[in-house]
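Chemist: Just to be clear, the model below is a prediction. Sequence and coordinates:
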Amino acid sequence: MKKIGIIAMRELGSFFNTWMGYVIVAAALIIDGILFNAYAVTSEPKLSAEVLADFFYFASGLSMVAGIFLAMRLLAEEKQNGTIVLFYTSPVTERQIVYGKFLSAVIFSLVLHAASLYMPALIMVHGKISVGHVAAGYICLSLLGATTIAFTLLASCLAPNQLVAAVGGAFLTVFFLTLWLLSGVVDAPFKDLFGWLSIHNSHFTPFSNGIISLKDVVFYFGMIFFFLECSVRALESRRCQG
């Protein structure tokens, strides 16, 4: 765990010491604020809970996009710069490298989510929302962002550069997003399988309405663990190939 923490802190420092991290946070907050004012807070009367649910819906998309941009550089940049050799010659395992880098991106994404808390707070100026509803929504935003980071980290392990890693992460994210559309046009048992594998629709809705569903939490953690272990295997294979 100590080595994972050291790698995570090193990577986290790179987010704060370069322009990229600040650009991602600023862009996400600006777009989130525009969508919040344009679609969540409208001229039509709405219940505060409905406004908050709409906010989480739009924020979920930005959480996934931010996850792609945060994770695309984690290993692809090391390969581009030739610094991946330093990891291979260091007394750390592939699992420690993958989990350390994943942890750094997740922590930075949590900073991004924390910076957006002012938007739910604005709802309280003219309405009333529960802390539980806000907590449930942000838990899911964090899980959804972490899942996207795990997708893109695998792409970053396999890709020769950051651009290809971003495209690969986006492809995996869109694929698992649109499975719910496929579930509507196929028969059982694929209907239930595709619907269950979709990372947004049925798994996200309970959280956006203020309900923390244990089975959905387990689903997201399962997806994260699976793709992180795939990244570990990919990195091990690359080290064996030299």
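Modeler: Cool, got the structure.
Chemist: for the most centrally placed residue in the chain, helix, strand, or coil?
Modeler: Centroid-nearest residue in the chain: residue 145, 1.6 Å away (criterion: CA atoms, centre = their mean). Put simply, residue 145 is helix when judged by DSSP: H, G, I helix; E, B strand; the rest coil.
Chemist: how close does residue 113 get to residue 99?
Modeler: 21 Å (CB to CB, to the nearest Å). The way it works is simple: take the backbone N, C-alpha and C, and place the C-beta from them, glycine included.
Chemist: ditto for residue 105
Modeler: Residue 105 is 11 Å from residue 99, by CB to CB.
Chemist: between the two, which one's more packed in?
Modeler: Set side by side, residue 105 and residue 99 give different neighbour counts by other CB atoms under 10 Å, the larger being at residue 105 (29 against 22).
Chemist: was I right about the more buried one contacting residue 150?
Modeler: No - with contact defined as CB atoms under 8 Å, residue 105 does not reach residue 150; the gap is 9.3 Å.
Chemist: between those two, what contacts are shared?
Modeler: residue 71 (CB atoms under 8 Å, 6 or more residues apart in numbering).
Chemist: Contacts only, for the residue nearest to the centre of the chain.
Modeler: Residues counted as contacts of residue 145 (CB under 8 Å, 6+ apart) are 63-64, 66-67, 106, 109, 113.
Chemist: In contact with residue 12, which residues?
Modeler: For residue 12, the contact set (CB under 8 Å, 6+ apart) comprises 104, 107-108.
Chemist: Residue 135: how many residues sit nearby?
Modeler: 13.
Chemist: For it, which non-adjacent residue is spatially closest?
Modeler: The spatial neighbour of residue 135 that comes closest, neighbours along the chain excluded (CB to CB, 6 or more residues apart in numbering), is residue 212 at 7.8 Å.
Chemist: continuing past the least confident helix or strand in the chain by mean pLDDT, what's the next helix or strand?
Modeler: Within the chain, confidence by mean pLDDT, DSSP states H and E is lowest for helix 84-88 among all helices and strands, at a mean of 70. The first helix or strand that comes after helix 84-88 along the chain, using DSSP states H and E, is helix 94-115.
Chemist: now for the helix or strand just after that following helix, which elements pack on it?
Modeler: For helix 94-115, the succeeding helix or strand toward the C-terminus, using DSSP H and E, is helix 118-126. Where contact means 3 or more CB pairs under 8 Å, 6 or more residues apart in numbering; DSSP states H and E, helix 118-126 is packed against helix 48-71.
Chemist: what's the helix it packs on packed up against?
Modeler: helix 19-35, helix 94-115, helix 118-126, helix 131-158, helix 162-183, helix 201-208.
Chemist: Restricting to C-alpha, output the fifth one in CSV.
Modeler: Output for helix 162-183, consisting of C-alpha atoms alone and laid out as CSV, is shown next (Å, rounded to 0.1, in the frame of the first residue of the first chain):
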residue,chain,number,x,y,z
GLN,A,162,-2.4,9.8,-25.3
LEU,A,163,-4.6,10.5,-28.3
VAL,A,164,-5.1,6.8,-29.0
ALA,A,165,-5.7,6.2,-25.3
ALA,A,166,-8.4,8.9,-25.2
VAL,A,167,-10.1,7.4,-28.3
GLY,A,168,-9.9,3.9,-26.7
GLY,A,169,-11.3,5.1,-23.4
ALA,A,170,-14.1,7.0,-25.2
PHE,A,171,-15.0,3.9,-27.2
LEU,A,172,-15.2,1.7,-24.1
THR,A,173,-17.3,4.3,-22.3
VAL,A,174,-19.7,4.8,-25.2
PHE,A,175,-20.0,1.0,-25.7
PHE,A,176,-21.0,0.4,-22.1
LEU,A,177,-23.3,3.5,-22.2
THR,A,178,-25.3,2.4,-25.2
LEU,A,179,-25.8,-1.2,-24.2
TRP,A,180,-29.1,-0.2,-22.7
LEU,A,181,-30.2,0.8,-26.2
LEU,A,182,-29.3,-2.7,-27.4
SER,A,183,-31.3,-4.2,-24.5
